[in-house]
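K.L.:
Generate a structure from the sequence data that follows.
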Amino acid sequence: MNTITNRTFDEISVGDRCERHHTVTEQDLILFAAVSGDHNPLHLDAAYAATTQFKGQIAHGMFTGALISAALAMDLPGPGTIYLGQNLSFRKPVMLGDELTVVLEVASKHDSKPVVTLNCTVTNQDGKKVATGEATVMAPVEKMTVEAPALPAISVG
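P.N.:
A predicted model of the protein is given here:
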C-alpha cells in the first residue's frame, strides 16, 4: 500500500509548491464519462470528434479539474484537506495522449483560520497552459500519515 502524509496549516508557507503528472488516456475519458454522466461525443467518439474544430477527442474540462483536486488531496496540503472553492479557466483543449503537469503554489494563508489559497496551473507536454485557476482549501491542523485505500481493478470493455 501507498502512504500519504499531509502538510498541516502551520507547516505550509506562502510559495510552497507541488507537482503531479498524468498522461491522458482514452480509458480516463470513458471512466470520467461513466462517473460524471457527461457522454458528449466530443470526448468519447473519435469519428465525431475528428469533424470538430479540435480534430480529435478532448478530455472533459472537469477531468482536468479533478487532477487539481487529486493534487490538493494527495500532495498539498494532502489528507484531511477540505476543498472550499475553485475558480478555473480552460485555456487549451486537453487531447488524448497529452502529458499533463499540475502545479499548485500557495498564494496566501488566512490570519486566524486554517484556510489556504493556492494558484493552480496545468500545462501540457509542450509547456502550454491548458488550465489556470485558484483553489481555496481548509488545511488540516493535525499531522497525519495514512494508507491510501486500494482501488479495485477497473476495465473498460
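K.L.:
where's Ala33 relative to Cys120, distance?
P.N.:
23 Å (CB to CB, to the nearest Å). Glycine gets a C-beta too; all of them are placed from N, C-alpha and C.
K.L.:
what does Thr81 give?
P.N.:
To Cys120, Thr81 is 14 Å away according to CB to CB.
K.L.:
what does Asp98 give?
P.N.:
In terms of CB to CB, Asp98 sits 17 Å off from Cys120.
K.L.:
Please identify the helix or strand for the spatially most central residue of the chain.
P.N.:
Nearest to the geometric centre of the chain sits Leu67, at 1.6 Å (CA atoms, centre = their mean). If you go by DSSP states H and E, Leu67 is part of helix 61-74.
K.L.:
where are the low-confidence patches of the protein?
P.N.:
1 (pLDDT under 70).
K.L.:
what about Ala33 and Cys120, which has more around it?
P.N.:
Cys120 (24 against 16; other CB atoms under 10 Å).
K.L.:
so where do the helices sit in this structure?
P.N.:
Per DSSP state H, the chain carries helices over the ranges 26-36, 41-44, 46-50, 61-74.
K.L.:
So for Pro149, which of those helices sits nearest?
P.N.:
helix 61-74 (11.9 Å; CB to CB).
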